[in-house]
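> prediction below, plus the sequence it came from.
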Amino acid sequence: MNNSIASLLKCPDLVRTQAFINGEWTDEAGGAKINVENPATGEIIATVPNLGADAAERAVEAAHAAFARWRSLPAKERALRLKAWHMLVLQHEEDLATLLTAEQGKPAAEALNEIRYAASFIEWFAEEGKRVYGDTIPSHSQDTRFLVFREPVGVVAAITPWNFPSAMVTRKLAPALAAGCTVVLKPSDVTPLSALALVFLAQEAGIPKGVINVVTGGPAAIGSVLTGHALVRKLTFTGSTAVGKMLTAACAATMKKVSMELGGNAPFIVFDDADIDLAVTEAIAAKFRNAGQTCVCANRIFVQDAIYDDFVEKLTVRVSALRLGNGLLGPADQGPLIDQRAIEKVTSHVADAVERGARVTTGGSRAPGPGNFFLPTVLADVPAEALINSEETFGPVAPITRFDGEQDVIRAANATTAGLAAYAFTRDLKRFWRVSGQLEYGMVGINTGRISTEVAPFGGIKESGVGREGSKYGIDDYTELKYVCIGGLD
Ligand code: SIN
C-alpha cells in the first residue's frame with residue numbers, strides 16, 4: 001500500500017495495489033509493475049501488477065466457475081448484494097473521490113459527483129435486475145405454447161477508460177451482475193486504483209468470489225485473451241473508436257456480443273432565439289467537464305449570426321475565470337489533462353485552427369508549471385476545415401463557428417462519422433421538433449449541456465458505437481433471449 005495516498009483516506013484499506021482473481025488479491029511475485037501517476041504533479045502514487053495473458057485466463061476461468069451459482073440466485077438476492085455495495089460506495093464517497101482525483105486529476109467536487117454517478121448505476125440496476133421480464137406468445141396451434149426468457153449472457157469482459165475510472169466500471173458491472181453474469185474487468189492501466197477500490201467494496205458487500213475479477217496491466221496481452229476466449233460471451237468497452245473497431249473485429253471470431261461506447265464529435269448549436277446566458281452556462285458544463293475529456297463533450301460550437309459576438313464575449317469572460325488546480329490541494333474548476341500526449345493533441349488542434357484563421361479569445365496554451373495543465377481556451381471564427389471540427393479534441397478548448405441558416409448548421413452538425421451526443425439551444429417549439437428529429441445522434445440535449453444520468457439510455461449511432469448503457473435498456477445487453485416451445489399439450 002502506498003502510505004502517502006493511504007494517509008489521505010479515512011479508510012486506507014481502499015488503496016488496493018493488487019489484482020483480484022477468484023476472490024484473492026494477487027500479484028506475481030517479482031512480476032512487472034505499472035506506475036500510477038498523479039497527472040497534476042507527475043508523482044508516482046502507487047504501482048499495480050502488470051499482468052498478462054495467464055492472469056487473464058485464470059480470471060476468465062474463475063468467472064466461468066462462479067457463473068452457474070451466481071445466475072441461479074433469485075434476482076432479489078443479487079439485488080440485496082448490489083444494494084449493500086451501493087451503500088458502501090456512498091459511505092466511502094469522499095475517500096473514493098480523493099483516490100479518483102489523485103490518479104485522474106479531476107477536481108474534488110467533480111470527483112465526488114462522479115462517485116455519486118457511479119453509485120447511481122449500482123442502485124438503479126439492483127432494482128432493474130428484478131424486472132428482467134420475458135414474454136408469452138399467443139400460440140398458432142392448440143397443442144403448443146411459446147415462452148420467451150431473458151437469460152444472462154455468461155462471462156462478461158469489461159474494459160474501462162481512464163476518463164471516468166469509477167462511473168464506467170459501475171455502468172458496466174452493475175447491469176452485468178444484476179442480470180446474473182460474472183465479470184472480468186480490465187480497468188485502464190492509467191487509473192486502476194478507483195476500480196480496485198470499488199471492487200474491494202463489492203467484496204465487502206458480499207459479492208461472492210469469482211463473480212468479479214480484476215486484471216491490471218497493459219491492454220495488448222489481456223485484451224487478446226478477453227476478445228479471443230471462448231468462455232467470454234460478451235465484451236463491453238468504453239474508449240476510442242479506433243480501439244473499439246479492433247476489439248469488435250477480434251470478438252467476431254467467437255461471435256461475442258459487444259457493447260461499444262466510443263468517441264463522439266458533439267455539435268453544440270446555439271440559435272439566435274436561444275437564452276444566451278443559459279447557452280453559455282451549459283456550454284461550459286458540456287465542454288469543460290473533466291477538462292474536456294468526455295466523449296459527450298461539446299466538440300464543435302455553432303452560433304447563429306445575430307448573437308455570435310455576444311455569445312463569444314460572454315463565453316470568453318466566463319471561461320477565463322475558470323480556476324485551474326490540483327484537486328488534492330484545494331478547490332478548482334478544471335484539473336490537468338491525463339498525460340503529455342493529451343497536451344500535444346490539444347496544442348496541435350489549437351495551432352491548426354489558428355493557422356487557418358481562428359482567434360484565441362482566452363487561453364490557447366499549456367499552463368506554466370508542473371503537471372499536464374492546459375489553459376481553458378476559447379477559439380472564435382474557427383473555419384469548417386479545421387482539424388478541431390473533424391477530430392475529437394478531448395481537451396479544454398471551445399471552438400466556435402458562425403452559421404446563418406438552420407439547414408446549413410444541421411448539415412454541418414451531421415457531417416461526421418460520429419453519432420454520440422448533440423446539443424441545441426432554442427426557444428422555438430417548432431424548431432425544437434425539427435432539429436432534434438434531424439440530428440443524427442444517439443443522444444440530444446435541448447437547452448441543456450448535461451444529459452448523463454443513470455435513468456436514461458447512454459450510447460451512440462454510426463461510429464460512436466453499439467448498445468446502450470444505463471436506463472431500463474442497459475440491462476438488455478447483458479441478456480440473451482431464449483425461446484421455449486412447449487408441444488404435446490392437446
Ligand atoms: C464518457 O465520456 O465516456 C462518459 C461520459 C458520461 O457518462 O457522461
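Yep, that arrived. Numbering: from 1, shown residues only.
> what parts of the stretch 51-200 of the chain come near the ligand?
163-164, 167 (C-beta under 6 Å from any ligand atom). For every residue, glycine as well, the C-beta is placed using N, CA and C.
> any idea which residue is closest to the centre of this protein?
Residue closest to the mean C-alpha point of the chain, counted by C-alpha atoms, centre = their mean, is residue 168 at 4.5 Å.
> packing partners for whichever strand or helix holds it?
Using DSSP states H and E, residue 168 sits within helix 167-179. Judged by 3 or more C-beta pairs under 8 Å, 6 or more residues apart in numbering; DSSP states H and E, the packing partners of helix 167-179 are helix 75-91, helix 108-128, strand 155-159, strand 182-186, helix 192-204, strand 232-238.
> let's have these in CSV, adding distance to residue 275.
Shown next, in CSV, are the helices and strands packed on helix 167-179 (distance: least, C-beta to C-beta, whole Å):
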stretch, distance to residue 275
helix 75-91, 35
helix 108-128, 24
strand 155-159, 40
strand 182-186, 42
helix 192-204, 36
strand 232-238, 32
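> okay, the ones you listed in TSV with mean pLDDT next?
Formatted as TSV, those follow (pLDDT from 0 to 100):
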stretch	mean pLDDT
helix 75-91	98
helix 108-128	98
strand 155-159	98
strand 182-186	99
helix 192-204	98
strand 232-238	98
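> so which of those comes closest to residue 266?
In terms of C-beta to C-beta, the element of the helices and strands packed on helix 167-179 nearest to residue 266 is strand 232-238, at 15.8 Å.
> can you list the strands that the closest one pairs with?
strand 155-159 (parallel), strand 257-261 (parallel) (DSSP bridges).
> deepest of the ones you listed, which one?
strand 155-159 (a mean of 28; mean count of other C-beta atoms under 10 Å).
> other residues contacting it?
Applying C-beta atoms under 8 Å, 6 or more residues apart in numbering, the contact partners of strand 155-159 are 60, 63-64, 67, 169, 172-173, 176, 181-186, 219, 223, 226-227, 229, 231-239, 247, 478.
> please apply the same query to stretch 104-115.
Against stretch 104-115 from outside (C-beta under 8 Å, 6+ apart): 38-40, 89, 93-94, 96-98, 100-101, 162-167, 190-191, 194, 289-291, 325-328, 331-338, 371-372.
> separate out the buried members of these.
38-40, 89, 93-94, 96-98, 100-101, 162-167, 190-191, 194, 289-291, 325-328, 332-338, 371-372 (16 or more other C-beta atoms under 10 Å).
> so where does residue 424 fall, helix or strand?
Using DSSP H and E, residue 424 sits within strand 421-425.
> buried sites along the following helix or strand past that strand?
On the C-terminal side of strand 421-425, the closest following helix or strand by DSSP H and E is helix 429-438. For helix 429-438, the neighbour count (16+ other C-beta under 10 Å) marks 431-432, 434-435, 438 as buried.
> strand partners (parallel or antiparallel) of the helix or strand following helix 429-438?
Remark: after helix 429-438, the chain's next helix or strand is strand 443-446, criterion DSSP H and E. Counting by DSSP bridges, the strands paired with strand 443-446 are strand 421-425 (parallel).
> now check the strand it pairs with, is it near the ligand?
No: Strand 421-425 does not reach the ligand (C-beta under 6 Å from any ligand atom); its nearest approach is 8.6 Å.
> quick one: contacts of that strand?
Residues contacting strand 421-425 (C-beta under 8 Å, 6+ apart): 264, 266-271, 274-275, 278-279, 282, 286, 295-296, 298, 413, 432, 435-436, 439, 441-449, 451, 460.
> any idea how far the residue in the chain that the ligand sits nearest to lies from residue 290?
Closest to the ligand within the chain is residue 452: 3.2 Å, counting by C-beta to the nearest ligand atom. According to C-beta to C-beta, to the nearest Å, residue 452 and residue 290 sit 11 Å apart.
> ok, residue 83 next?
For residue 83, the distance to residue 290 equals 28 Å [C-beta to C-beta].
> quick one: residue 402 and residue 307 touch, right?
No: in this structure, residue 402 is not within contact of residue 307 by C-beta atoms under 8 Å, at 10.0 Å.
> pLDDT weak spots in this structure?
Along the chain, the model assigns pLDDT under 70 to residues 1-3.
> how about a cut-off of 50?
Applying pLDDT under 50 to the chain flags the ranges 1.
> and the stretch 201-350 of the chain, which residues reach the ligand?
238, 294-296.
> rerun at 5 Å
294-295 (C-beta under 5 Å from any ligand atom).
> for the stretch 201-350 of the chain, what spans make up the strands?
212-214, 232-238, 257-261, 266-270, 298-304 (DSSP state E, counting those that start in this stretch).
> got JSON lines for the ones you listed, with distance to residue 390 too?
Shown next, in JSON lines, are the strands of the stretch 201-350 of the chain (distance: least, C-beta to C-beta, whole Å):
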{"stretch": "strand 212-214", "distance to residue 390": "36"}
{"stretch": "strand 232-238", "distance to residue 390": "22"}
{"stretch": "strand 257-261", "distance to residue 390": "21"}
{"stretch": "strand 266-270", "distance to residue 390": "12"}
{"stretch": "strand 298-304", "distance to residue 390": "9"}
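> many thanks, we can stop here.
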